[in-house]
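In: Output the structure for:
(2 chains)
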Amino acid sequence: MAPRGARGKAAVLDAAAPSLDAADSPSPDAMVEASDVHKRFGPLEVLKGVSLTVGRGEVVVLIGASGSGKTTFLRCINHFERIDRGQIVVNGRLIGYRTDGRGRLVEERAKTIARQRAEIGFVFQHFNLYPNKSALQNVTLGPRKVRKMPREQADELGRRLLRRVGLESKVDVHPAQLSGGQKQRVAIARALAMQPKLILFDEPTSALDPEMIGEVLAVMRDLAKEGMTMVVVSHEMGFAREVADRVVMMDDGAIVEEGPPAQLFDHPTHERTRSFLAKLL
Amino acid sequence: MFATAGLHFNTSFFWNSLVHPSTAFLQGLETTVYLAVIAQSLATIIGLLLALARRSKIAPLRAFVWVYTWIFRGTPLLIQLVIVYDGLAAAGIYTFNNISIGSFVIPSVVQAAVVTFTLNEAAYMGEIIRAALNAVDPGQFEAAMSTGMSPGQAMRLVVVPQAVRFVVPPLGNDFNAMMKNTSLASVIGVSEMFLVTQEINSSTFNTFEIYAVAAIYYLALTTVWGFIQSAIERRIDRRWGIVRPRRPWSSWVASWGRRRVATAGSPVEARGSSGTILERNVLDVVVRPGPRQQRGLLWGPRDE
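Out: From the prediction side, this is the model:
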């Protein structure tokens, strides 16, 4: 994970003078390469230079207190949020921006950004299922309208994915008639339907009743086993310990510590990590 | 003892006009309905465009919509009618002429009325649709975008269809008002129901009777619309997987038989028919707070 330290210190890398080669020749093993990402909401600086590399097939769990910037950082990875400085490369391509003739970063056209997002699944804290559509239609809308997949083929794909998350009996049911855990599993199937290279999870179990958390984590665990690249913002330390390849602790808009779960949970080196973990236990 | 002193109510004229309305009256009724339907439909389409323009990135477009809404909501419909039909002609800007399509003629006054009602109602529909679009959870737009839809696709395929649910109740309200407001078109000479009623009045002088008949016909129109509207709302709810309680009168009618046998008892009575819904245990419970039965479901985690 050398790039983090190196680029973090090279703070001159900003929107006005990016280095072209960083976008066009990423390390081939990396799915996500974020370097020196800065983001502010008005006077509030939410991200103060975050650099993180996520390898292909890697599961990274972001932890930290609320307000530490982990959700904002996640939303930057599929350009739900514009960034003020730095850059994010996903699967070898700069996300949300392109370099113009003079080497400056300018925001991509909406259509291009949409095409990039199609490759990146996103699972929301509050599911955000389409309430006016059945579980199956929720899953198939993307493939049908974005990938122009014929209806029969999309339905077949949708059924297969709903079976995979254990909801084959809920194909024609509307979100209003599903439990929270079932909704989140449909949402995961919806993300999978676009055959993403990477899935981002924004506190996927925070809005669930305790007895439903397990069923969602089980689906996520299966995905991880199948080699899906995942970036997960979560407070589920048990899940992080078991499934994550790497846990990243964020505080006050920056990464304070990262490492394999065993190391980070059992021997945290940073004081903030220690006090954060102590509060959870 | 005022009954004989001055009360004149021509009962047979009233009944005759109500049950066997004249052809002219029925044509007036027809004009009222199609004026309202056409104007409301066009206004809904224009209203959607206004609402979308209001969200546009282009500032002059937003300003135009603001000014448009300000003017059409801020001035009386009656004055708008007269300006569109008489004012524009008098100023030499535009004169409405009859249009013939084959043997069918659209009178100039009807064109002016449709245009005015449409432009006026579009201002209101624009605001209604704008509020409805805002009422859709922003997370829906994001969810659509997360599956790779463009902003346009996300609006068209996800946000707008959901806004429909919030549009229908106020739209129904406006259409109710529209059917009655078409009577204003009488001032420019559209032979809708009110103008025909006036004509019948001036030839028969049964003033109270004929206006009462007209009022009843307007009431019938708005009542029928009320039923249609609730059918539409119910249909949309079903599409959302929401089952609404039945209309007050239908549950009243349905409970009429049971009401008499319902006796005072324990306020909550658990019936034997427990079952499962969505893999969860459910008890079928009948609550009796008063004379009317209410049925509810208790559900929660298993074994509770």
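In: Which residue, neighbours along the chain excluded, lies closest to A:Leu167?
Out: Excluding the flanking residues, the one nearest A:Leu167 by Cβ to Cβ, 6 or more residues apart in numbering or on different chains is A:Arg185, at 5.7 Å. C-beta here means a position set from N, CA and C on the backbone, and glycine is covered the same way.
In: And for A:Val146?
Out: B:Gly148 (4.3 Å).
In: still on that earlier bit, quick check, the residue nearest to A:Leu167 in contact with A:Ala218.
Out: No. With contacts defined as Cβ atoms under 8 Å, A:Arg185 does not count as touching A:Ala218, sitting 9.2 Å away.
In: more crowded one of the two?
Out: A:Arg185 (29 against 15; other Cβ atoms under 10 Å in any protein chain shown).
In: tell me which element that one is part of?
Out: helix A:180-192 (DSSP states H and E).
In: what about the residue in the stretch 151-300 of chain B positioned nearest to chain A, which SS state?
Out: Using Cβ to the nearest Cβ, the single residue of the stretch 151-300 of chain B nearest to chain A is B:Gly241, 2.5 Å away. Taken by DSSP: H, G, I helix; E, B strand; the rest coil, the conformation at B:Gly241 corresponds to coil.
In: Count the residues that sit near it.
Out: Neighbour count of B:Gly241, defined by other Cβ under 10 Å: 18.
In: And the pLDDT for it?
Out: The per-residue pLDDT reported for B:Gly241 equals 84.
In: Make sure it is actually in contact with A:Lys170.
Out: No. Under the criterion of Cβ under 8 Å, B:Gly241 is not in contact with A:Lys170, lying 11.1 Å apart.
In: For the stretch 101-250 of chain B, give me the ranges with low pLDDT.
Out: Scanning the stretch 101-250 of chain B for pLDDT under 70 picks out B:244-250.
In: Equivalent analysis for the stretch 151-281 of chain A, please.
Out: The low-confidence ranges in the stretch 151-281 of chain A, as defined by pLDDT under 70, are A:281.
In: List the buried residues for stretch B:166-179?
Out: Going by neighbour count (16 or more other Cβ atoms under 10 Å in any protein chain shown), the buried part of stretch B:166-179 is B:Phe166, B:Val167, B:Val168, B:Pro170, B:Leu171, B:Gly172, B:Asp174, B:Phe175, B:Asn176, B:Ala177, B:Met178, B:Met179.
In: quick one, strands of the stretch 151-281 of chain A?
Out: A:198-202, A:229-233, A:246-251, A:254-259 (DSSP state E, counting those that start in this stretch).
In: Run through the residues that contact A:Val37.
Out: Residues in contact with A:Val37 (Cβ atoms under 8 Å, 6 or more residues apart in numbering or on different chains) are A:Leu47, A:Gly49, A:Val50, A:Ser51, A:Phe73, A:Cys76, A:Ile83, A:Arg85, A:Gly86, A:Gln87, A:Ile88.
In: Just the closest of those to A:Glu119, please.
Out: Nearest to A:Glu119, judged by Cβ to Cβ, of those is A:Ile88 at 13.2 Å.
In: hmm, back to that, what about the residue nearest to A:Val146, how many residues close to it?
Out: B:Gly148 is flanked by 25 other residues according to other Cβ under 10 Å.
In: for B:Trp70, same thing?
Out: The number of residues near B:Trp70, taken as other Cβ under 10 Å, comes to 11.
In: Pull out the buried residues from the strand or helix carrying it.
Out: According to DSSP H and E, B:Trp70 maps onto helix B:59-74. Within helix B:59-74, the residues scored as buried using 16+ other Cβ under 10 Å are B:Val65, B:Tyr68, B:Thr69, B:Phe72.
In: And stretch A:98-109, by the same measure?
Out: Quick answer for stretch A:98-109 (16+ other Cβ under 10 Å): A:Thr99, A:Leu105, A:Glu108.
In: ok, now stretch B:184-196?
Out: Per 16+ other Cβ under 10 Å, stretch B:184-196 contains these buried residues: B:Leu184, B:Ala185, B:Ser186, B:Val187, B:Ile188, B:Val190, B:Ser191, B:Glu192, B:Met193, B:Phe194, B:Leu195, B:Val196.
In: Give me the contact status of the host helix or strand of B:Leu49 with chain A.
Out: Here B:Leu49, judged by DSSP H and E, is contained in helix B:23-54. No. Figure legend: helix B:23-54 not in contact with chain A (Cβ under 8 Å from any Cβ of the partner chain); closest approach 15.5 Å.
In: tell me the angle of that helix relative to helix B:59-74?
Out: 150 degrees (axes from the mean of the first three to the mean of the last three Cα atoms, to 10 degrees).
In: Show me what helix B:23-54 is packed against.
Out: For helix B:23-54, the elements it packs on are helix B:59-74, helix B:108-135, helix B:160-181, helix B:193-204, helix B:207-239, judged by 3 or more Cβ pairs under 8 Å, 6 or more residues apart in numbering or on different chains; DSSP states H and E.
In: so which of the ones you listed gets nearest A:Ala254?
Out: Per Cβ to Cβ, nearest to A:Ala254 of the helices and strands packed on helix B:23-54: helix B:108-135, 35.3 Å.
In: The closest one - contacts with which helices or strands?
Out: If contacts are counted by 3+ Cβ pairs under 8 Å, 6+ apart, helix B:108-135 sits against helix B:23-54, helix B:59-74, helix B:77-82, helix B:160-181.
In: hmm, 10 Å instead?
Out: For helix B:108-135, the elements it packs on are helix B:23-54, helix B:59-74, helix B:77-82, helix B:88-90, strand B:99-101, helix B:160-181, judged by 3 or more Cβ pairs under 10 Å, 6 or more residues apart in numbering or on different chains; DSSP states H and E.
In: How many residues are close by the closest residue in space to the residue of the stretch 151-300 of chain B closest to chain A that isn't next to it in sequence?
Out: Closest residue in space to B:Gly241, ignoring its immediate chain neighbours: A:His174 at 2.5 Å, by Cβ to Cβ, 6+ apart. Other residues near A:His174 come to 21 when the count uses other Cβ under 10 Å.
In: Does A:His174 touch A:Gln182 like I think?
Out: No. Look at A:His174 against A:Gln182 with Cβ atoms under 10 Å: they stay out of range, at 11.3 Å.
In: overlap in contacts of those two?
Out: Common neighbours of A:His174 and A:Gln182 (criterion: Cβ atoms under 10 Å, 6 or more residues apart in numbering or on different chains): A:Leu129, A:Ala135.
In: What are the boundaries of the helices in chain A?
Out: A:2-9, A:20-24, A:70-77, A:110-117, A:135-145, A:151-164, A:180-192, A:210-225, A:237-243, A:261-266, A:271-280 (DSSP state H).
In: who's in contact with the residue in the stretch 1-150 of chain A that chain B sits nearest to?
Out: Residue of the stretch 1-150 of chain A nearest chain B, by Cβ to the nearest Cβ: A:Ala118 (2.6 Å). A:Ala118 makes contacts with A:78, A:142-143, A:146-147, A:194-196, B:145-149, as judged by Cβ under 10 Å, 6+ apart.
In: again, only using 8 Å
Out: A:Gly142, A:Val146, A:Arg147, A:Met194, A:Pro196, B:Thr147, B:Gly148.
In: What's the separation between the residue nearest the centre of chain A and chain B?
Out: Nearest to the mean C-alpha position of chain A, counting by Cα atoms, centre = their mean, stands A:Leu200 at 2.0 Å. Counting by Cβ to the nearest Cβ, to the nearest Å, the separation of A:Leu200 from chain B is 9 Å.
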